[in-house]
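Trainee: Sequence below, structure please.
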Amino acid sequence: MAASSFNGNMKATTSSFIKALAGLRRINLEGLRWRVFDAKGQVLGRLASQISTVIQGKDKPTYAPNRDDGDMCIVLNAKDIAVTGRKLTNKFYRWHTGYIGHLKERSLKDQLAKDPTEVIRKAVLRMLPRNKLRDDRDRKLRIFTGDEHPFHDRPLESYVMPPRQVREMRPRARRAIIRAQKKAEQQQQGDTYLSRKKRKNGVEPEVSV
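Mentor: So this is what the prediction gives:
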């Protein structure tokens, strides 16, 4: 049983490598960099936005919207991608087979169990402009479930994700928090004053249970 599962995994890995190597002849690799993204623990949307920026070439000073100057993007550990909130159960992928009433849907949790590479691919492609360069940019995206890939003979560069910038609190919310803190301090000072006054008059303060 173990041998059969091992052979199945080997066949799946080999087929994924063959699929990854396919289509490279149609890409002009001259002058392109090979950027490696590690998806382990990364938030899906933030990772996809960085990949879409690199794959369009927007991080280069020579960027032009009518040219395909983006670099090759290799994404590893797609199975360890992270999502926020309740997207695992509330996000659905829907498609239609073409027959009447055949509207299909699949949750993000089921899609990750079936093929996690497709989750990242859909997230990146939906951030790209829908024009004639979209298919060429899609060929530059190579996604793998684990950390193994067939591009070890290429000059790989690991991509460092930028630090997450926490948005400053809005002034209205900040003022509301300050008002609540002042109100709590005034209430505490009032309780202290009343307890002192009762002690001065010889009345023991009531102890709340």
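Trainee: drop to CA atoms for contacts and neighbour counts, all remaining ones
Mentor: OK.
Trainee: how about Arg134, what does it touch?
Mentor: Leu125, Leu128 (C-alpha atoms under 8 Å, 6 or more residues apart in numbering).
Trainee: ugh, wrong one, I meant Gly41
Mentor: Asp80, Ile81, Ala82.
Trainee: Could you tell me what pLDDT the model assigned to the most centrally placed residue in the chain?
Mentor: Nearest to the geometric centre of the chain sits Leu44, at 1.6 Å (C-alpha atoms, centre = their mean). Leu44 carries a pLDDT value of 95.
Trainee: What separation is there between it and Asn131?
Mentor: Distance, Leu44 to Asn131, using C-alpha to C-alpha, to the nearest Å: 24 Å.
Trainee: same deal with Ser158?
Mentor: 29 Å.
Trainee: Compare neighbour counts for these two and give me the winner.
Mentor: Neighbour totals were compared for Ser158 and Asn131, and Ser158 leads with 12 against 8 (other C-alpha atoms under 10 Å).
Trainee: Which residue comes closest to that one once chain neighbours are left out?
Mentor: Leaving aside its chain neighbours, Ser158 sits nearest to Val36 (4.6 Å; criterion: C-alpha to C-alpha, 6 or more residues apart in numbering).
Trainee: Let's verify that neighbour: helix, strand, or coil?
Mentor: strand (DSSP: H, G, I helix; E, B strand; the rest coil).
Trainee: circling back to that earlier point, tell me how far the residue nearest to the centre of the chain lies from Ile120.
Mentor: 7 Å.
Trainee: Now for Cys73, how many residues are close by?
Mentor: Neighbours of Cys73 (other C-alpha under 10 Å): 26.
Trainee: Offset the numbering so it begins at 519, please.
Mentor: All right, first residue 519 from here; so that's Cys591.
Trainee: Is it within a helix or a strand, and which one?
Mentor: Assessed by DSSP states H and E, Cys591 sits inside strand 590-594.
Trainee: Could you list every helix and strand in contact with that strand?
Mentor: In terms of contacts (3 or more C-alpha pairs under 8 Å, 6 or more residues apart in numbering; DSSP states H and E), strand 590-594 is packed against strand 552-556, helix 562-574, strand 659-661.
Trainee: hmm, try it at 6 Å
Mentor: Helices and strands touching strand 590-594, by 3 or more C-alpha pairs under 6 Å, 6 or more residues apart in numbering; DSSP states H and E, are strand 552-556, strand 659-661.
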